[in-house]
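> I need the structure of the sequence given here:
(one chain, ligands or ions: 1)
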Amino acid sequence: MLKKGILRIIPTSVKPLGWVVLNNILGSYGQKFIGTGGAINSARSCYSVWLRHLVMSYKIGFLTHPPDVVAELGPGESFGVGLAALLSGANKYYALDIIKHSNINQNIKIFDELVDLFMNKEDIPDETEFPELRPKLDTYKFPEYLLTQEHLKTALSSSRIEEMHNEIINLNETNEKYISIFVPWNDSRIIKENSVDMIISQAVLEHVDDLKTTYSAIYQWLKPGGFMSHRIDYQSHNTSVKWNGHWGYSDIAWKLIVGRALYLINRCPHSYHINLIEKAGFQSNVNITYKRNDGINRNKLAARFRTLSNDDLKISGCFIQCSKPDKSKY
Ligand SMILES: C[S@@+](CC[C@H](N)C(=O)[O-])C[C@H]1O[C@@H](n2cnc3c(N)ncnc32)[C@H](O)[C@@H]1O
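Purely as a prediction, here's the structure:
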């Protein structure tokens, strides 16, 4: 009945697939049942994501050694990216999500596998293994220039690994030495101002409803000279056949598609993010966009999106890195 109602007001070119309707009916329970839709749920994928963001941060000159305090928005099905940050030498990892997706067993398994990957200085899993992962790198060699033998000796010392392992076993307690979990997070005061070196997210900001508050919270948490590193995927996340078909839905159709789901996608295009980032006070240092030419045409756009620029209409994703200016240096 509900499904029929939705389908009637949605143009056939952008009809949603079954899971969206299921999600709509199940609401937030659906999210738990269906999973995050995220791609990083194995140690190798978390290792690859973390090292890609890290290598890119080094390349742009944000860091000369691995960051000390790292926060992640939307870790999803595991804290693997944060655990990789800790094994790279970070002393604190904040995990911020709106739903608890991960569990202790999964995190312990990923942690133990990550230890082996770092111990063996495995190369970064590349496009053959993860063809969809972005950003791409020039080389996937283990970054020994950053994670030097000497640095790893301390970062991977057996006492440190044992301490972290024990902490993960008791992960239900939120505020520990290495890991602090805030799920759901809804107040910027959870993290001290000017205290974080790097804030990372992978396939998350397209889901965040209140982007303005989120970008200003990130700005507040970062130390002056700290930076954020995000992969954003602007595609329809299976809500339509064409990758950008979500921009073809009227507001009412979209409301029905989202239904009771705790989050779906916010439908904000690239320029909207860049605008908010600049307004929050960031310097936009890296802005890599991924374009597609096979989406819906301008004449299929819903009224709300008619003024999308030609660029926004084709930008299916991005990798951005932006720093918080250190005003003491001016
Ligand atoms: C597609 S999943 C990505 C998960 C993981 N980063 C990955 O790549 O597999 C999106 C994640 O964003 C989280 N999320 C949605 N809205 C959020 C918000 N406002 N703040 C933090 N996380 C949010 C979801 O709960 C989910 O964990």
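> can you give me the strands for the stretch 51-200 of the chain?
Ranges of strands in the stretch 51-200 of the chain, per DSSP state E, counting those that start in this stretch, are 69-73, 92-96, 179-182, 196-202.
> what packs against the first one?
Packing contacts for strand 69-73, counted by 3 or more CB pairs under 8 Å, 6 or more residues apart in numbering; DSSP states H and E, involve helix 80-87, strand 92-96, strand 196-202, helix 211-221. To be clear about C-beta, it is placed using only N, CA and C from the backbone, and glycine gets the same treatment.
> before we move on, what about the shortest one?
Helices and strands in packing contact with strand 179-182 are listed as strand 92-96; criterion 3+ CB pairs under 8 Å, 6+ apart.
> need the residues that contact the strand it packs on.
68-75, 79, 82-83, 85-86, 178-183, 185, 190-191, 196 (CB atoms under 8 Å, 6 or more residues apart in numbering).
> how about it: buried residues?
Using 16 or more other CB atoms under 10 Å as the test for burial, strand 92-96 gives 92-96.
> what pairs with it, parallel or antiparallel?
Taking DSSP bridges as the criterion, strand 92-96 pairs within the sheet with strand 69-73 (parallel), strand 179-182 (parallel).
> alpha carbons only: can I get stretch 110-117 in CSV?
The C-alpha trace of stretch 110-117 is given here as CSV (Å, rounded to 0.1, in the frame of the first residue of the first chain):
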residue,chain,number,x,y,z
ILE,A,110,40.0,-6.3,13.1
PHE,A,111,42.4,-5.0,15.6
ASP,A,112,44.4,-8.3,15.7
GLU,A,113,44.5,-8.4,11.9
LEU,A,114,45.6,-4.8,11.7
VAL,A,115,48.5,-5.5,14.1
ASP,A,116,49.8,-8.1,11.6
LEU,A,117,49.3,-5.7,8.7
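> would you map the helices across the stretch 151-300 of the chain?
All helices of the stretch 151-300 of the chain, identified by DSSP state H, counting those that start in this stretch, fall at 158-169, 211-221, 251-258, 270-280.
> where does the protein dip in pLDDT?
Counting by pLDDT under 70, the ranges of the chain that qualify are 1-40, 173-175, 330.
> got a list of what F62 touches?
198, 227, 285, 321, 323 are the contacts of F62 under CB under 8 Å, 6+ apart.
> quick one, phi/psi of the fourth one?
For Q321, the backbone dihedrals are phi -140, psi 130 (criterion: degrees, to the nearest 10).
> next up, the contacts around it.
Q321 makes contacts with 56-57, 60, 62, 227-230, 285-286, as judged by CB under 8 Å, 6+ apart.
> pull out the buried residues from those.
For the contacts of Q321, a burial check counting by 16+ other CB under 10 Å picks out 56-57, 62, 227-230, 286.
> want to throw the residues you listed into JSON lines with distance to S236?
Putting the buried ones among the contacts of Q321 into JSON lines (distance: CB to CB, whole Å) gives the following:
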{"residue": "M56", "distance to S236": "26"}
{"residue": "S57", "distance to S236": "30"}
{"residue": "F62", "distance to S236": "32"}
{"residue": "F227", "distance to S236": "29"}
{"residue": "M228", "distance to S236": "25"}
{"residue": "S229", "distance to S236": "24"}
{"residue": "H230", "distance to S236": "19"}
{"residue": "V286", "distance to S236": "25"}
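> for those residues, work out which two are farthest apart.
F62 and H230 (13.3 Å; CB to CB).
> in space, what's closest to C322 - neighbours in sequence excluded?
F282 (4.0 Å; CB to CB, 6 or more residues apart in numbering).
> what's the burial count for the one you found?
22 (other CB atoms under 10 Å).
> residues in contact with it?
F282 neighbours (CB under 8 Å, 6+ apart): 215, 219, 228, 322-325.
> distance of it from T64?
From F282 across to T64, the span is 21 Å (CB to CB, to the nearest Å).
> same thing with Q321?
With CB to CB as the criterion, Q321 and T64 are 15 Å apart.
> correct me, but P135 touches F319?
Yes - using CB atoms under 8 Å, P135 is in contact with F319, at 4.1 Å.
> what sits in contact with each of the two?
56, 231, 288.
> gap between N120 and the ligand?
In this structure, N120 and the ligand are 24 Å apart, going by CB to the nearest ligand atom, to the nearest Å.
> in three-state terms, label C322 for me.
Recorded secondary structure, C322: strand (DSSP: H, G, I helix; E, B strand; the rest coil).
> what count of nearby residues applies to it?
Close neighbours of C322, defined as other CB under 10 Å, add up to 25.
> OK, contacts around it?
C322 neighbours (CB under 8 Å, 6+ apart): 227-228, 277, 282-286.
> do that again at 6 Å, thanks
Contacts for C322 (CB atoms under 6 Å, 6 or more residues apart in numbering) come out as 228, 277, 282, 284-285.
> pick the one among the residues you listed closest to the ligand.
Nearest to the ligand among the contacts of C322 is M228, at 13.3 Å by CB to the nearest ligand atom.
> which residues does that closest one contact?
For M228, the contact set (CB under 6 Å, 6+ apart) comprises 199, 218, 322.
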